[in-house]
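>>> Take this sequence and fold it.
(one chain, ligands or ions: 1)
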Amino acid sequence: MKVNEPLNSPKTSNPQTYEIASNGSSPPSEGLSSGVKNPTEPVLSPKRQMAWRVAPTLAVSFKYAWAGLSYTFQTQRNFRIHVFIGALAIGLSVFLHLKSVEIAVIGLTCGLVLVMELLNTAIESVVDLTVKQTYHELAKIAKDCAAGAVLISAMASVLVAGLLILPPLFSMIYLSAIN
Ligand SMILES: Nc1ncnc2c1ncn2[C@@H]1O[C@H](COP(=O)(O)OP(=O)(O)OP(=O)(O)O)[C@@H](O)[C@H]1O
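Numbers count the residues shown, from 1 in each chain. All right, here's what the predicted structure looks like:
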């Protein structure tokens, strides 16, 4: 796609043009060195000029991350259920003296479910921000796919728990019943 000078730049009699790659990536900056600004620059700038606010320090970044976790915990029932089940699974793994690598796999799987829930919440918020209370087929696809991602991760965690936790748990219950 041919792109002329950015809208906010002064018009010249011989406007320079550059090619935007068909895959959407930005053109090389060397070709823009003669005063023609790349219109995508504010978006791609490390300073993120499109952002309303950028966290100035690492501590502030953590504060915002905690705010996201806190929001999701308070508003999403499924997230609270997954936190509870995850804590239970890791607690049981330690109680049953599973191998370190097994506890690590269970921890990673529980973490994956929580991450998916957080991303699901983020996507829901962006979709609601975009379409508000109107129906849109693409909004439905975005939300349904995000919910599907959570479902897949939850099913994987059930499989992992079934393989790693249930056998030693049942043998412990069986042994304590016959003794
Ligand atoms: N703006 C919209 N346009 C079209 N369909 C929508 C829209 N908003 C929601 N939906 C449909 O309603 C379903 C439920 O929406 P909701 O916002 O509660 O997402 P959800 O993933 O079910 O939420 P949660 O993860 O909290 O259970 C979506 O999966 C989607 O199919």
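>>> all contacts plus neighbour counts: C-alpha atoms, from now on.
OK.
>>> Pull up the residues of this protein that are close to the ligand.
When proximity is defined by CA under 6 Å from any ligand atom, the chain lies next to the ligand at 76, 124, 131, 133-137, 139-140, 143-144, 147.
>>> What are the contacting residues of the helix or strand containing residue 91?
For residue 91, the host element (DSSP states H and E) is helix 77-95. By CA atoms under 8 Å, 6 or more residues apart in numbering, the list of residues contacting helix 77-95 from outside reads 72-74, 102-103, 106-107, 110-111, 113-114, 117-118, 161, 165.
>>> Looking at those residues, which is nearest the ligand?
Using CA to the nearest ligand atom, residue 117 comes nearest to the ligand of the contacts of helix 77-95, at 7.3 Å.
>>> Would you mark the buried spots in the helix or strand where the closest one lies?
Here residue 117, judged by DSSP H and E, is contained in helix 100-131. Neighbour-count burial for helix 100-131, counted by 16 or more other CA atoms under 10 Å, picks out 102-103, 105-107, 109-121, 123-124, 127.
>>> quick one, that helix and helix 77-95 angle?
Per axes from the mean of the first three to the mean of the last three CA atoms, to 10 degrees, the angle that helix 100-131 makes with helix 77-95 is 170 degrees.
>>> Heading C-terminal from helix 100-131, find the next helix or strand.
Using DSSP H and E, the helix or strand that follows helix 100-131 in sequence is helix 137-164.
>>> Can you tell me which helices and strands that next one packs against?
In terms of contacts (3 or more CA pairs under 8 Å, 6 or more residues apart in numbering; DSSP states H and E), helix 137-164 is packed against helix 100-131.
>>> Let's test this: mean pLDDT of the helix it packs on, rounded?
Taken as a whole, helix 100-131 has a mean pLDDT of 98.
>>> Can you verify residue 51 is assigned to a strand?
No: going by DSSP: H, G, I helix; E, B strand; the rest coil, the assignment for residue 51 is coil, not a strand.
>>> Report how many residues lie close to it.
By other CA atoms under 10 Å, 9 other residues sit near residue 51.
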